[in-house]
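Asks: below: sequence and its predicted model.
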Amino acid sequence: MMSFPRRHQTPQKPTVAAMATISAPLRRRIAIGAVVFSYIIFVDFSHENGSKSRSFNHPFIFLDGAHIPPLQEVAGQLKGTNAGDTENQSELQPVNSAPGVTGPGIPFAMKQILDETGVNIEEDASTIYAAEKAVDFLEAAYEWIPEETNFRDKSCFVGVGFEENRKQYFADPSVMDIVTPSIRNLDFLEEWREFFQGFHIIIIQDGDPGKHLEIPEWVDYELYNRDDIKMALGEDEWIISSKDASIRNFGFLISKKPFIYTIDDDCLPAKDSKGNIVNPLAFHLRNLQTPSHPYFFNTLYDPYASNSDFVRGYPYSLRGGVPTAISHGLWLFTPDYDAPTQLLKPTERNNNHLDMAITVPHRTLYPMCSMNVAFARELIGPAFMQGLMGEGQPWGRYDDMFAGWASKVVADHLGVGVKSGTPYIYRNKLSNPFMNLKKEYKGLEWQEEMIRFFADDVKLSKESNTPLKAYVELANLITRRFASTNPYFQRLGDSMVKWTKIWHEVSMGSIKPVPSRMSNFSVPLMYPPINLHLTSVEKTLPAEEILSIFPIIGRNARRSVNVHDVIVGHQWKTYILPLDKIYHEKQYERIIKGEHELDCFLKSCNAETIRKGGPQYTDHLSEIIILRKLLGSLHFISNLKNADLVLVPALGVASIIGKCRNYGRCWDDTAKDLEKLVVENSDVTKKHLFLATQVCSQKY
């Protein structure tokens, strides 16, 4: 094996094998960095007692007051090493901030590659490029082709360990709940069925608790009304607003999933600039599971969107980012304007969809709207309380604004991030601007004072090292500053403190709210997820279309799969290769007629009945079960070109031709015909999944 000559030796052109050999130490360093990075940047969940509830372990860092944290301070706090030991810190940095996106370890990796050329690098050069000769050596070794803007030897930087392929992000019902407040029938959920089916929805009913709200049969839900809130919280129930959207706070208490998404009942699915319907759950999870970058602005906006990264000049030391606590989505059609703007511009509509989410900079506030927002429960949950509004309060429509200001200063203090932008929803309801003006009147004055207070005066102590402690300290600061302005602010501060106490008690199980209504336990099994992808353009074929191709699977095929089946299956875009029914359905018609009219394919049979069909019948029955699982969980598309996998639905084909198994090699010709069909009608460069049993010659 050749290796790069060390410095001061005569350089030789390295072989590909030599590069792989030399890169091994670097790969080891990168592996170490990846372990450290996974702890710091990415959400690390662990199951508790085998249940679906999970905990998040995040080492909060405190960088409050610094627009750009000092490099050594960040490195020392994030990596747990001596702040002055910059060489070791560099070696620990990962080359990816996320799959497909550059990370803080890139400069060190590049320096290592140049060092390993053996060509002297003039580190102290002041009139020439320090690494000019080493770079020339690399260019000659890998033959850069300007016309192609690529290398002739494309394996040149493989040893760096950079993961070029981006991660696919899916909606995942096991890690996210949906919370929605409502006073009316939940018909709007039908518009969201493609994305919301399979997710648990926590409904908080406002208004008359005796009113019965209609809920679609496919919804996995639990419903709480005012009576349930009183029963759970007793004399403290007043902290949950009444006749106001901020009643959703109670739903935040109920959920134990790592992430919570909340949506209003007047919101509908939006289309992106390409005409695809947007799945807000998948986009919010992408935002929350990729880092935020609050200390330096990326002019290409979202580095985790497709065909994007950090631009030239973005500090590598900050590319690792910080964990994301809040993902704030936007709206199409009806803008979220305040009453004066509504009155002055009553016909204005927003039709601009921008496919990006940007990090709200450190120590910068923003107006948060709760009609389309998600958050990480452990990172910010206790500090995400919607402000006390509604019946008996002097102002309204500022519940989410207040939550945005408060949660942002807490996030800045704890060193976690906030993103705003995609995903969008479509809002076609225009609220009454005169009613809005009644609610907002005092807020037009108060918001100016409060925003300046949050921006300039709030300084949280290092002892407030959790979201809950920070929120309690913030509550006390608000009370001291504004209690003399209006008695309301004393109530607001008290409600914030009581909220944190109740949050803790519910989390510990000492308060156990009981819903008035909940869906049947079988609903998640009967109605698993439909589409977990980012948009509808990738959605699976309708169940009716699959049933028309394979009537033998029956209408209850999807009931044989669970959430895990769908999550795994949706990782492949699958194309069903059209085959004549002789390869699947017709043989089963013959088998049913030939086995004493024994039909256990579409009907449930006990073991004794199944045994009457014999071992071959049992084999065929197993194949039908497998087919049902696949058709109920794989992610099917109608275009072969876009497929990752091709399903070849040839089942039990060794029995298609009568007596084939008894007379040797007659099946081989049929198998060859099938092979020919695949070659002629499919793309042989793609992966194919064959379901056929083997032929008697065992050649296929």
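Replies: Nice, thanks for sending it over.
Asks: contacting residues for Lys408?
Replies: Going by CB atoms under 8 Å, 6 or more residues apart in numbering, Lys408 touches 326, 360, 364-366, 368, 418, 454. Placement of C-beta: from N, CA and C, glycine included.
Asks: and these, which are buried?
Replies: Among these, the ones that count as buried by 16 or more other CB atoms under 10 Å are 326, 360, 365, 368, 418, 454.
Asks: for the closest residue to the last one other than its chain neighbours, give its distance to Pro181.
Replies: What that stands for is Phe454. Residue nearest to Phe454 in three dimensions, not counting chain neighbours: Trp405, with 4.6 Å by CB to CB, 6 or more residues apart in numbering. Using CB to CB, to the nearest Å, one obtains 21 Å as the distance from Trp405 to Pro181.
Asks: one more: Lys687?
Replies: 46 Å.
Asks: the more surrounded of these two?
Replies: Pro181 (24 against 10; other CB atoms under 10 Å).
Asks: would you agree the more buried one is in contact with Lys243?
Replies: No: applying CB atoms under 8 Å, one finds Pro181 not in contact with Lys243, separated by 10.5 Å.
Asks: can you pull the phi/psi pair for the residue nearest in space to the middle of the chain?
Replies: In the chain, the residue lying closest to the centroid (CA atoms, centre = their mean) is Leu285, at 2.2 Å. Main-chain dihedrals, Leu285, degrees, to the nearest 10: phi -70, psi -40.
Asks: pretty sure Leu365 contacts Ala403?
Replies: No: checked against CB under 8 Å, the pair Leu365 and Ala403 is beyond contact range at 11.8 Å.
Asks: mutual contacts of those two, please.
Replies: Counting by CB under 8 Å, 6+ apart, nothing touches both Leu365 and Ala403.
Asks: hmm, back to that, closest to Asn520 among the buried ones among the contacts of Lys408?
Replies: Closest approach between the buried ones among the contacts of Lys408 and Asn520, by CB to CB: Ile326, at 33.6 Å.
Asks: can you give me the end-to-end distance of stretch 351-363?
Replies: With CA to CA, to the nearest Å applied, stretch 351-363 spans 30 Å between its terminal residues.
Asks: so which bits of that stretch are buried?
Replies: In stretch 351-363, counting by 16+ other CB under 10 Å, buried: 353, 355, 357-363.
Asks: contact partners of that stretch?
Replies: Outside stretch 351-363, the residues touching it (CB under 8 Å, 6+ apart) are 63, 65-67, 270-273, 283, 287, 292-295, 297-298, 301-302, 304-305, 308, 321, 327-328, 332-333, 366, 408, 412, 417-422, 424, 455.
Asks: the closest residue to Asp338 other than its chain neighbours: what's it in contact with?
Replies: Leaving aside its chain neighbours, Asp338 sits nearest to Glu440 (5.9 Å; criterion: CB to CB, 6+ apart). Applying CB under 8 Å, 6+ apart, we find Glu440 in contact with 338-339, 395-398.
Asks: any chance of the residues you listed in a markdown table, plus secondary structure and neighbour count?
Replies: Output for those, formatted as a markdown table (DSSP: H, G, I helix; E, B strand; the rest coil; neighbours: other CB atoms under 10 Å):
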| residue | secondary structure | neighbour count |
| --- | --- | --- |
| Asp338 | coil | 18 |
| Ala339 | helix | 21 |
| Trp395 | coil | 23 |
| Gly396 | coil | 23 |
| Arg397 | coil | 21 |
| Tyr398 | coil | 25 |
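Asks: out of these, who's nearest Phe108?
Replies: Of these, the one sitting nearest to Phe108 (CB to CB) turns out to be Tyr398, at 47.8 Å.
Asks: got the contact list for the closest residue to that closest one other than its chain neighbours?
Replies: Distances taken as CB to CB, 6+ apart place Gly443 nearest to Tyr398, at 4.7 Å, with adjacent residues excluded. By CB under 8 Å, 6+ apart, the contact list for Gly443 reads 395-398, 401.
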